[in-house]
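S.K.: Pasting the sequence and the predicted coordinates here, then a few questions.
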Amino acid sequence: MQLNGIHHITAITADAQANIDFYCLLLGLRLVKQTVNQDDPGAYHLFYADERGSPGADLTFFAYPHAARGSAGAGMVHRICWRLKSAAALDFWERRLRDHGTPCAREQERLRFSDPEGLEHELAPSSSDDEPLPAKAPDIPAECALQGFDGVRAYSADPPASAALLAEALGFSGGPERYRLRGPSRSAFYVYDPPPATPARPGAGTVHHIAFAAQGAEHEAWRDRVIAAGARPTPVIDRFYFRSIYFREPSGVLFELATIGPGFAVDEDPEHLGEHLSLPPFLEARRAQIEASLPPLRNPRVAPSPAR
Ligand code: ZN
């Protein structure tokens, strides 16, 4: 039983349209699913990824228009690290971000910047030989495209407290501050940094949870392992696009184990992912009411409909 790298990372935004514009138009990701938060269907849940909507390149946002700006603290993922093909791509991104007015910091072979709400990202060439998951955009050369997640950095005041769960139950190697999760085909790093003095404040611009990829048939066995290590997982929840369990690891970071499939093409043509609001079957009967409560969004891949 092995987890297969990162499945997705979910964060919070207060401005769905600005979020789409930043992640699609600037970073070149594809909006692969427009749906709602299944636990709160009055809020959008937006999924960005590579062209195919692959686990390993999937960044998602709950959109709460009234969410106050948050700030990462102990028990939260504070930086999302993306793979680039080469160091040469850093020059492209440094120029592209600066031209866009997004401040960035270059440290040798890495480039750090934040989204408009303060969520931190880092781009760096990766030594990983996992299959690249390139995001394709017309104005980003293929050799410069983001290639999926390399790992994340989280804040913990007590990294050793997480060691038993991460290493013994979940199969992370290394520790207690720097871990590597190596699965059959995908790997990722998970690194702790000392937390800032300011308290953790979940909100817009912060990560809500991180999901790792699991085989569906093994979910109950993962639950048993996680319970044996002292965490308290939810039952298996059917999220329609994947099935999941959730639990907090001892540092406080919310973990999810999500199945690779069925995936985003379960209810949409792969050529047209994310162009319309998708609802899981249990919410379909409420579509009219849900649509009326959500602000319209502009997907840059969809030509505006002619004026009537
Ligand atoms: Zn999730």
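M.R.: Perfect, I can see it now. Fair warning: this is a prediction, and the values are worked out from it, not measured in the lab.
S.K.: Around residue 68, count how many other residues there are.
M.R.: 11 (other C-beta atoms under 10 Å). The C-beta positions use only the backbone N, C-alpha and C, and glycine is treated the same way.
S.K.: Correct me if wrong: it contacts residue 204.
M.R.: Yes: at 6.7 Å, residue 68 counts as touching residue 204 under the criterion of C-beta atoms under 8 Å.
S.K.: what touches both of those two?
M.R.: Listed as contacting both residue 68 and residue 204 by C-beta atoms under 8 Å, 6 or more residues apart in numbering are residue 14.
S.K.: Name the spans of this protein whose pLDDT lies under the cut-off.
M.R.: Under the criterion pLDDT under 70, the flagged ranges of the chain are 305-308.
S.K.: could you pull out the helices for it?
M.R.: With DSSP state H as the criterion, the chain has helices at 16-20, 88-100, 163, 219-228, 281-284, 287-293.
S.K.: can you tell me how far the residue lying closest to residue 76 once chain neighbours are set aside sits from the ion?
M.R.: Using C-beta to C-beta, 6 or more residues apart in numbering and skipping residues adjacent in sequence, the residue nearest residue 76 is residue 200, 5.3 Å away. To the ion, residue 200 is 19 Å away according to C-beta to the ion, to the nearest Å.
S.K.: residues contacting residue 200?
M.R.: Counting by C-beta under 8 Å, 6+ apart, the residues that residue 200 touches are 71-76, 155, 252.
S.K.: Adding distance to the ion and neighbour count as columns, could you present those residues in a markdown table?
M.R.: Output for those, formatted as a markdown table (distance: C-beta to the ion, whole Å; neighbours: other C-beta atoms under 10 Å):
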| residue | distance to the ion | neighbour count |
| --- | --- | --- |
| 71 | 21 | 17 |
| 72 | 18 | 26 |
| 73 | 21 | 19 |
| 74 | 21 | 20 |
| 75 | 17 | 19 |
| 76 | 15 | 24 |
| 155 | 20 | 22 |
| 252 | 17 | 19 |
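S.K.: out of the helices of the chain, deepest packed?
M.R.: helix 16-20 (a mean of 20; mean count of other C-beta atoms under 10 Å).
S.K.: for it, packing partners?
M.R.: strand 40-49, strand 58-63 (3 or more C-beta pairs under 8 Å, 6 or more residues apart in numbering; DSSP states H and E).
S.K.: which other residues reach that helix?
M.R.: Here helix 16-20 makes contact (C-beta under 8 Å, 6+ apart) with 13, 31, 44, 46, 61, 63, 65, 115-117, 295, 297-300.
S.K.: do stretch 168-178 as well
M.R.: By C-beta under 8 Å, 6+ apart, stretch 168-178 touches 1-3, 159-160, 162-163, 166-167, 179-182, 189-192, 212, 225-226, 228-229, 231.
S.K.: any idea how far residue 204 is from the nearest residue to residue 212 once chain neighbours are set aside?
M.R.: What sits nearest to residue 212 in space, not counting adjacent residues and going by C-beta to C-beta, 6+ apart, is residue 3, at 4.4 Å. Relative to residue 204, residue 3 is positioned 29 Å away (C-beta to C-beta, to the nearest Å).
S.K.: on that earlier part again, distance-wise, check the residue nearest to residue 212 relative to residue 162.
M.R.: Looking at residue 3 against residue 162, where the rule is C-beta to C-beta, the gap reads 15 Å.
S.K.: Report the contact partners of the residue of the stretch 51-200 of the chain found nearest the ion.
M.R.: Closest residue of the stretch 51-200 of the chain to the ion, C-beta to the ion: residue 60 (6.6 Å). Applying C-beta under 8 Å, 6+ apart to residue 60 gives the contacts 8-11, 45-48.
S.K.: pretty sure the residue nearest to residue 212 contacts residue 218?
M.R.: No: with contact defined as C-beta under 8 Å, residue 3 does not reach residue 218; the gap is 9.4 Å.
S.K.: neighbour count winner among those two?
M.R.: residue 3 (25 against 15).
S.K.: Relative to residue 240, how far out is that one?
M.R.: Taken as C-beta to C-beta, the span from residue 3 to residue 240 is 21 Å.
S.K.: ok, now residue 96?
M.R.: Residue 96 is 35 Å from residue 240, by C-beta to C-beta.
S.K.: Surely residue 38 and residue 45 touch.
M.R.: Yes: between residue 38 and residue 45 a contact is recorded at 7.5 Å, counting by C-beta under 8 Å.
S.K.: Compare neighbour counts for those two and give me the winner.
M.R.: Ranked by neighbour count (other C-beta under 10 Å), residue 38 and residue 45 place residue 45 first, with 21 against 16.
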